[in-house]
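# Requesting a structural model of the entry that follows:
(2 chains)
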Amino acid sequence: MLAKEIIKKVRQIEIRTRHLVNDVFAGEYHSVFKGRGMEFQEVREYEPGDDIRSIDWNVTARMGHPFIKKFSEERELTVMLVVDISASHLFGSQAQLKKDLAAEIAAVLAFAAIRNNDRVGLILFSDEVEHFLPPKKGSSHVLRVVRDVLGFRARRRGTALMPALDFLNHITARKTVTFLISDFLTREDLKATLRVSATRHDLVAVIAADRRERDWPAAGLVEWRDPETGARQVVDTSDARVRRMLTSLQTQQRADLKQRLARTGLDMIEVWAGEAYDRELVRFFKARERRLRT
Amino acid sequence: MTFAYPWLLLLALLIPAALWLRHARPRMPTLNFSDGAALAKLPRSWAVRLQPALPTLFGIGLLCLVVALARPQKGLEESRVRTEVVDIVLLVDVSPSMMTPDFSTPTRTLNRLDAVKLVLDKFIQNRPHDRLGMIGFSAFPYTLCPLTLDHGWLLERMRNLRPGMLGDSTAIGDGMASAINRLRDSQAKSKVVVLLTDGMNNFGTLAPENAAQAAKALGIKIYTVGASGREAQYASAGEGVDEAALKRIAESTGATYFCAASLSGLQRVYEQIDRMEKTDIQVEHFTRYRELSKPWIIWALIFLGLEKWLALTRLGRLP
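Just a heads-up that it's a prediction; the model follows:
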């Protein structure tokens, strides 16, 4: 993609997601990803209208008139976007490739994070870490993040979560909120791969998929190619048996994946290429909020 | 079946290249599918298994086209026009004296008749376009084979010749008359009798000289060959070849008399006659051909059409 096109696309995403970020799940995001709590900021004189509960009696006794303790909420949250850019994301049956979907989700989350004054970092990976932006604040930084996630061209084709997550554990000293955006088409043992990261970080899996990956129309013989391995295969999509088999295989595989992720203790967001994802995001935030409250 | 342009068959060597251009898989466009592992598990339907049929049909179709292009044809009745060039009756003496073994090849000794057969065999095969006939005679003439183009049959008949099969004496005049009779109705440009004998006329109703007159009147040339090997010198008077008479017969009809005293001599004699009776058949040389490319073209169209049709319907691949 040309630089100009990328900038245009960044603007488009910014505009399109503004409503989503500012209005739809702004509150949810804020409350779901809490900082580490309240942090003492200063002690100042009591002014009428201040909550009397916050009067610091020790200082008051010493000084002779009332003082209050002031706290501020800590929101030094770091959001890491770990985005899979392996070749299997170059699939899209409708308006969008999975790659673009992943980029757009990453952009939405980045904007939401920046609106809440969080720091945003980015890791792009295929079967190795391809690109890394250290977490930072600021709207210019978030635009950079969005630009990179949209325009970065992968050097390698395969998928491996392990190197990316290892890298994440190395570069982060503190707990982060990490969104792992991928199609999870990998042969790794997900449980072992994710366990360490899941305990260290607040890890959320965003599963990017396409409806056509499990449900083909009857379109005669199709010469498919696995973009990761380059293996070719002619498949008869007009054969109902073949299509049924594919659907059951993929459904099975997805159920498997979800089960495995759930067992690792990850939250999941399922998004589909070419479809609106805001509802999925909202549902995720709502569910998480509910869980935090109880 | 022959080909008018056989070198065009070399085009068949280009068929693999054409197949590669059209059907090589690495060149075919593909659709990306993210989960290749799932694809490998899918069953292969009959349409997938039939995929190799497309390049096969295409290749066969091209091959048929190449064959059609090389112009297969069949030569038809190429000799009919030339049948009227020379008619030759081979008049062979089969009297018992032909049994005399006085001809020899480097390895064995042959009797006169066998030597004659050997030489005639070659003579006949050298003249595939002329009508040939054969008459054996001694006391009586016997037509072994009338004038024919079926030289295979003629050779077969010649093998049946045995010395003494037609009596003990030698009726040269009657033999000549019989040969002339065979040639009377012939429309050929040149009518020839080749008379081979090892004796003199001592029987029969017609004198050789009279027969020669008749031949001359009908425009028939009578070549005469006196065949007597090395034992002829021991022959008593009245038994050897009557050279003077044979020479007269030959010269009176405008032909030549030859004397053959050995196998190679006999061969040379017939070669000489062969050369002398060579007519310029180049003028008449043309062959009617039946063109056979049509079925090949039809088959090519069927195969190529079938390939196209399948490729556009059930066996067609996306993209």
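# Show me what counts as buried in stretch B:161-178.
For stretch B:161-178, a neighbour-count test (16 or more other C-beta atoms under 10 Å in any protein chain shown) marks B:161, B:163, B:166-167, B:170-178 as buried. C-beta here means a position set from N, CA and C on the backbone, and glycine is covered the same way.
# any chance of the residues you listed in a markdown table, plus pLDDT and distance to B:S190?
Conversion of those to a markdown table gives the following (pLDDT from 0 to 100; distance: C-beta to C-beta, whole Å):
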| residue | pLDDT | distance to B:S190 |
| --- | --- | --- |
| B:L161 | 85 | 25 |
| B:P163 | 85 | 30 |
| B:L166 | 84 | 28 |
| B:G167 | 83 | 32 |
| B:T170 | 85 | 27 |
| B:A171 | 88 | 26 |
| B:I172 | 87 | 22 |
| B:G173 | 87 | 23 |
| B:D174 | 88 | 24 |
| B:G175 | 89 | 20 |
| B:M176 | 89 | 17 |
| B:A177 | 89 | 20 |
| B:S178 | 90 | 19 |
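# Which residues of chain A lie near chain B?
Of all the residues in chain A, those in contact range of chain B (C-beta under 8 Å from any C-beta of the partner chain) are A:87-91, A:98, A:183, A:185, A:187, A:210, A:213, A:219-229, A:231-236, A:238-239, A:241-242, A:245-246, A:249-250, A:253.
# Apply 7 Å and report the result again.
For chain A, the residues in contact with chain B (C-beta under 7 Å from any C-beta of the partner chain) are A:88, A:90-91, A:98, A:183, A:185, A:213, A:219-229, A:231-236, A:239, A:241-242, A:245-246, A:249-250.
# Can you list which of those residues are found in strands?
A:221-225, A:232-236 (DSSP state E).
# mind listing what residue 51 touches?
All of this is about chain A. With contacts taken as C-beta atoms under 7 Å, 6 or more residues apart in numbering or on different chains, A:D51 has no neighbouring residues.
# right idea, wrong chain: chain B
With contacts defined as C-beta under 7 Å, 6+ apart, the neighbours of B:Q51 are A:234, B:315.
# What distance do you get for it to B:R27?
Counting by C-beta to C-beta, to the nearest Å, the gap from B:Q51 to B:R27 is 15 Å.
# related to what we said a few turns ago, could you flag which of the ones in strands among the residues of chain A next to chain B are buried?
Buried subset of these (neighbour count, 16+ other C-beta under 10 Å): A:221-225, A:233-236.
# Redo these as JSON lines? Include pLDDT.
What follows is these, written out as JSON lines (pLDDT from 0 to 100):
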{"residue": "A:L221", "pLDDT": "88"}
{"residue": "A:V222", "pLDDT": "88"}
{"residue": "A:E223", "pLDDT": "87"}
{"residue": "A:W224", "pLDDT": "87"}
{"residue": "A:R225", "pLDDT": "87"}
{"residue": "A:Q233", "pLDDT": "86"}
{"residue": "A:V234", "pLDDT": "87"}
{"residue": "A:V235", "pLDDT": "88"}
{"residue": "A:D236", "pLDDT": "88"}
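# from these, which single one is nearest A:Q41?
Relative to A:Q41, the closest of those is A:R225; by C-beta to C-beta it sits at 58.9 Å.
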